[in-house]
Every structure is written in C-alpha cells, then in structure tokens.
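Participant: need a 3D model of the following:
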Amino acid sequence: MVRTRELFVMTRPWSFPMTVISVTTGSLLAYYALGSFNLLYYVLAVVGSVLLHAAANVANDYFDTLRGVDKPTAPTARYRPHPVFTGMATPGFLVSYSVALAAAGLLIGAYLSIVVGPLAIVLGAIGAFLALTYSGPPLGYKYHALGEPIVFTVWGPIMVLGGYYVEAGSLSLGALAASIPLGLLVAAVLLANNIRDEDYDSSSGVTTIATMLGREASLKLYYSLILSPYIVQILVVAAGVMHPITLVTLLSLPKAWSLVQTFRRGIPDAADPMTAQLVLAYGILLILGLTVSIVI
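Facilitator: Sure thing, here's the model as predicted:
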C-alpha cells in the first residue's frame, strides 16, 4: 500500500515552485494590463498546471526506468529517492498514477475552457503533451537533445500565456515577451542537470545538448541562460510591458553570478537544485514587483 507521503514524494514537489511562478506571472500581467483578476480561476490554473507537472515527473521516472536509463547506480537515484529503486512503487503503479494526475489536470483545463474560453484547454493540452512526451513516446525528446528548448517553451510562453489567458480571456504579445526570462531560467535548470550527468548520459546512449556540445561549450550556454534573462527583462520594461519596479529582480543577479563562479570551479552534485534556487529568487522578486506595480 502506497502511503500519502510517498505519493507526494514521487511527484518531485520541490520542482513545483517554478510552475507556480510561471502561472502567477501570467495572471499578474493580465491584472496589470487590464485590471482583470479572478481568484478562483487563478487557483484552478495553478492547481491544474501543478497536476500536469506532477504527471510529467512521474511519467519520466517510468519511461527512464523502462529504457534502462534510470538504474540504482544512476545519478538521479543518488540525488533523490527514486520511486522504483526505493520500493515506493512499481513501474505499473507509476503509469496509473501519472494518468490519474494528468486526467485531473486536464479536467480543470476543460472547466476553464468552458468558463473562460477554449484556449485554456488547448494550452493545457499542448503543455501536457510536451511534458508527458519528454521521455515517453511518441517523441522522447529528452533523448534527442531537445529537452531544454521544450522546457523553455512550456515553463515560459505556454504557462505564462496560460495564466494570462485565464484572467484576460485573450493572449498578449507583451506577456509572451515577459515569459522569455522565466523560460530561459527553467531551461538552465535542466541544462545544469545534463552538464552534471554528461558522462553517464553518453554511456547510456542519451543525447543531450551537454553531450553534443561538450563541457566547455555547455557551460558557456549555461552562463548565457542564467544571465540573459536580466537583459531581456530590462528590454521588456523599456517596451512598457511591465512597470520599472519589476526590475527588483536585479537583486537576484548576484546569485546568478555566484552560480557562474561555482560552476567555473567545478560542477556541483546539486547543480540543478542550486539553479532552481535562482529561478525561485528571480520569480519571487518578479511576483513582488508585479504586485507592487498593480497597487501603485
């Protein structure tokens, strides 16, 4: 019998703040631009997105185990409790659990499509498909060096525009531009993971951007991904999409620079969670800035 705590751990909940930040950013951008905000729709959008994110995480463990990429000796099994190798669940249970989570998330999307508009379920379905096929059929793009571009697309444009649409009932080029920094930062989290696991992935037949570019070029790309969001946001503010107060995100720039210095000395075992902490710092400051801009 799987316990509730184990069900929670299997979903990798430490990754959910990135989803909450992306959806919240879109919702607040709609409020800032149009003065429109529905708390119920916002909560449903966040919960639905988190459920789909959880479904993708569980599915990823299943497909990686099925392909033999995840093993008891694999890096991922050392850095976190793997549901299969720790005995928390069988592969078959992971399938059922992932389907249930995805169905719940899409059900919320279907409701929002009725009360807001059809694009709610369309954006949700696209995001769910891309997330669930990260390591599963028919795409399995994780194994073909497409992980970072897809992660950028899902946690940047799709989630931010989804949060915006649920509140505004329309899409916005401004919100699309504002989504770019978040997409870049979340892509950096995956790249950090892949740089650390470069040798293991190569020996397992997994092709990632890190295995293709090599260590030095991958690090240069990583530095670009965590520093360029600040430049993009300055341009977005200059274009009038966001209030200048949102540049409070620059307070997280020292943390980004600290990561650059750390990675230059050597790739830490906690490469991806350390990068995720930057996403969290940037995201919280961005949400704070957007909230203040709405108030003033």
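Participant: when you work out contacts or count neighbours from here on, use the C-alpha atoms and nothing else.
Facilitator: Noted.
Participant: wait, residue 190 sits on residue 272?
Facilitator: Yes. Residue 190 is in contact with residue 272 according to CA atoms under 8 Å; the separation is 6.6 Å.
Participant: residue 45 and residue 243, how far apart?
Facilitator: To residue 243, residue 45 is 24 Å away according to CA to CA, to the nearest Å.
Participant: more neighbours: the two, which one.
Facilitator: Shown here are residue 45 and residue 243; by other CA atoms under 10 Å, residue 45 has more neighbours (29 against 18).
Participant: helices and strands around the lengthiest helix in the chain, which ones?
Facilitator: Identified as the longest helix of the chain according to DSSP state H is helix 39-66. Helices and strands in packing contact with helix 39-66 are listed as helix 16-34, helix 91-115, helix 119-132, helix 159-168; criterion 3 or more CA pairs under 8 Å, 6 or more residues apart in numbering; DSSP states H and E.
Participant: now the longest one against helix 119-132, angle please.
Facilitator: What it means is helix 91-115. 160 degrees (axes from the mean of the first three to the mean of the last three CA atoms, to 10 degrees).
Participant: the residue positioned nearest the centre of the chain and residue 15: what is the separation?
Facilitator: With distances taken as CA atoms, centre = their mean, the residue of the chain nearest its centroid is residue 155 (4.4 Å). In this view, residue 155 and residue 15 are 12 Å apart by CA to CA.
Participant: now swap in residue 208 and tell me
Facilitator: 20 Å.
Participant: who has more neighbours out of those two?
Facilitator: residue 208 (24 against 16).
Participant: what residues does the closest residue in space to that one that isn't next to it in sequence make contact with?
Facilitator: In space, and not counting its chain neighbours, residue 208 is closest to residue 145: 3.9 Å by CA to CA, 6 or more residues apart in numbering. Counting by CA atoms under 8 Å, 6 or more residues apart in numbering, residue 145 touches 207, 208, 209, 212.
Participant: list buried residues within the residues you listed.
Facilitator: 207, 208, 209 (16 or more other CA atoms under 10 Å).
Participant: now tabulate those residues in TSV and tack on pLDDT and distance to residue 176.
Facilitator: TSV is the format used below for the buried ones among the contacts of residue 145 (pLDDT from 0 to 100; distance: CA to CA, whole Å):
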residue	pLDDT	distance to residue 176
207	89	29
208	90	26
209	94	25
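Participant: how about residue 134, phi and psi?
Facilitator: Dihedral angles of residue 134 (phi, psi; degrees, to the nearest 10) stand at phi -50, psi -50.
Participant: that one and residue 265: what is the separation?
Facilitator: Taking CA to CA, one finds residue 134 at 31 Å from residue 265.
Participant: with residue 223 instead?
Facilitator: Residue 223 is 13 Å from residue 265, by CA to CA.
Participant: these two - which one has more neighbours?
Facilitator: More neighbours surround residue 223 than the other of residue 223 and residue 265, with 19 against 9 (other CA under 10 Å).
Participant: in which helix or strand would I find the closest residue to the more buried one other than its chain neighbours?
Facilitator: Nearest non-adjacent residue to residue 223, counting by CA to CA, 6+ apart: residue 260, 6.2 Å away. Residue 260 is part of helix 253-265 when elements are defined by DSSP states H and E.
Participant: show me what that helix is packed against.
Facilitator: Where contact means 3+ CA pairs under 8 Å, 6+ apart, helix 253-265 is packed against helix 215-238, helix 271-295.
Participant: quick one on the thing from earlier: and which of the buried ones among the contacts of residue 145 is nearest residue 237?
Facilitator: The closest of the buried ones among the contacts of residue 145 to residue 237 turns out to be residue 209 (CA to CA; 31.0 Å).
Participant: surely the closest one and residue 219 touch.
Facilitator: No. Residue 209 is not in contact with residue 219 according to CA under 8 Å; the separation is 10.7 Å.
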